[in-house]
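Chemist: missing the sequence, but the structure's below:
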């Protein structure tokens, strides 16, 4: 009988953590933002704002060119996961576990396990690298025949000679006065000829 009391006290002590740490929640894919909104609302209703510091569902903007137009698309880095920075106690754990869309706290069977500082730093590094790589996706290649859609060169055809992905520009050879003239142009100002 006494042993049961001790184990209950130990479990309670394990759930009680008054320092802010990051926890990973497995959620229904595609509902990450909805889960964050639900969590914020539930935390506010229970007056637990002092126990929850932040939420995160990292996204990256990717740029591409379709029919000569620059298109921005948002991509989730960790689909199906939400990160929460909080203290941990029975009340917060209960609210998190019972929020619609939350499947489980990753790594937790009997008690929530926070990310280590190294794990958190690895995730932040991945996010930063993904932001750096989220540059313009250019659908053209050297040798493609394109139509220019800007100023003096509007509706002129040319051949892609070079592409500068960092600047988002292309050098297109355009025939002017019976000779090829290289024109530097933004890739969203050209369109692939079909």
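Modeler: Arrived safely, thanks for sending. These numbers come from a predicted model, not from an experiment. Numbering: from 1, shown residues only.

Chemist: Quick one: list the elements packing against the lengthiest helix in the chain.
Modeler: What stands out as the longest helix in the chain, according to DSSP state H, is helix 117-133. Contacts defined by 3 or more CB pairs under 8 Å, 6 or more residues apart in numbering; DSSP states H and E place helix 117-133 against strand 59-66. For glycine as for every other residue, the C-beta is placed from the backbone atoms N, C-alpha and C.

Chemist: In the strand it packs on, which residues are buried?
Modeler: Across strand 59-66, burial judged by 16 or more other CB atoms under 10 Å covers 59-60, 62-63, 65.

Chemist: Give me the pLDDT value at residue 2.
Modeler: Per-residue confidence (pLDDT) for residue 2: 48.

Chemist: To which secondary structure element type does residue 167 belong?
Modeler: coil (DSSP: H, G, I helix; E, B strand; the rest coil).

Chemist: How much space separates it from residue 88?
Modeler: 47 Å (CB to CB, to the nearest Å).

Chemist: Compare neighbour counts for those two and give me the winner.
Modeler: The neighbour count for residue 167 versus residue 88, taken as other CB atoms under 10 Å, is higher for residue 88 (26 against 11).

Chemist: What separation do you get for residue 36 and residue 179?
Modeler: 59 Å.

Chemist: what about these two, which has more around it?
Modeler: Regarding residue 36 and residue 179, a neighbour count based on other CB under 10 Å identifies residue 36 as having more, with 20 against 8.

Chemist: so which helix or strand takes in the more buried one?
Modeler: If you go by DSSP states H and E, residue 36 is part of helix 32-45.

Chemist: now for that helix, which elements pack on it?
Modeler: Going by 3+ CB pairs under 8 Å, 6+ apart, helix 32-45 lies up against strand 52-56, strand 81-88, helix 90-97.

Chemist: For residue 114, find the nearest of those.
Modeler: strand 81-88 (7.3 Å; CB to CB).

Chemist: For residue 43, see how far away residue 97 is.
Modeler: With CB to CB as the criterion, residue 97 and residue 43 are 13 Å apart.

Chemist: These two: which has the busier surroundings?
Modeler: Using other CB under 10 Å as the criterion, residue 97 and residue 43 rank with residue 43 on top: 22 against 14.

Chemist: just checking, what packs against the strand ranked longest in the chain?
Modeler: Counting by DSSP state E, the longest strand found in the chain is strand 17-27. Counting by 3+ CB pairs under 8 Å, 6+ apart, the packing neighbours recorded for strand 17-27 are strand 81-88, strand 102-105.

Chemist: which element is residue 180 on?
Modeler: strand 179-186.

Chemist: what's downstream of that strand, the next helix or strand?
Modeler: strand 190-192.
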